[in-house]
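Asks: Turn this into a model:
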Amino acid sequence: MIIEKIRGNAFSPLDVLEMHISVNTFCPINASEIEIIKSESVIKIIESVITSGPHWELNPTCQMFFKDDIFNFQKEILVDDVFEKSVINIKELDVHRNVIQILYPVRLFLVNARTLSDEIILKSEIHIIHTLLGKFTL
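Replies: Have a look, this model is predicted:
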């Protein structure tokens, strides 16, 4: 149902989809939150989401890469932002590993969000479309 609403014609391609990307991973019991969030596997998934679509540089989430009206994508800036804005849920799996869920908020233009895989959209939490007429929760 969410997929159909995002990909359908009810909303403009320039409307903004706000969602919290959910990245699930395993880590050793003694791993720190900093190590977990800054791991290559977590950042790679988040990077693939915010850089999807034909006009990904214009996504509201990508404003952090503009300095003096010049766009410059830097992975270090993304890593710092993910560390600052993410919510981490840790559950113990066994005596050696934990299951980690990282929720990172993103805002994407629908033209770009429509290129995301169904799996990423369905695993994400909180789907809100921001339009000129207001916010619509899916």
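
Asks: Do a quick rundown of the helices in this protein.
Replies: 2-7, 33-37, 40-50, 75-85, 110-113, 118-123 (DSSP state H).

Asks: Including distance to residue 95, could those helices go into CSV?
Replies: C-beta coordinates here come from the backbone N, C-alpha and C atoms, glycine included. Below are those laid out as CSV (distance: least, C-beta to C-beta, whole Å):
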stretch, distance to residue 95
helix 2-7, 37
helix 33-37, 18
helix 40-50, 23
helix 75-85, 27
helix 110-113, 40
helix 118-123, 27
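
Asks: Check these for me and report the most buried one.
Replies: Of these, the one with the most neighbours on average (mean count of other C-beta atoms under 10 Å) is helix 110-113, at a mean of 22.

Asks: And it, how far out from the chain middle?
Replies: Centre-to-centre, helix 110-113 and its host chain are 13 Å apart (C-alpha atoms, centre = their mean, to the nearest Å).

Asks: same for that helix, what does it pack against?
Replies: In terms of contacts (3 or more C-beta pairs under 8 Å, 6 or more residues apart in numbering; DSSP states H and E), helix 110-113 is packed against strand 16-28.

Asks: Would you give the sheet partners of the strand it packs on, along with the direction of each?
Replies: strand 97-109 (antiparallel), strand 125-131 (antiparallel) (DSSP bridges).

Asks: Export these as CSV, with columns for mean pLDDT and distance to residue 20.
Replies: Listed next are these as CSV, based on pLDDT from 0 to 100; distance: least, C-beta to C-beta, whole Å:
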stretch, mean pLDDT, distance to residue 20
strand 97-109, 94, 4
strand 125-131, 95, 5
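
Asks: ok so, going back, could you tell me the least trusted of the helices of the chain?
Replies: Out of the helices of the chain, helix 33-37 stands lowest, with a mean of 84 (criterion: mean pLDDT).

Asks: ok, residues contacting that one?
Replies: By C-beta atoms under 8 Å, 6 or more residues apart in numbering, the residues outside helix 33-37 that reach it are 25, 27, 42, 79, 82-83, 86, 88, 100, 102.
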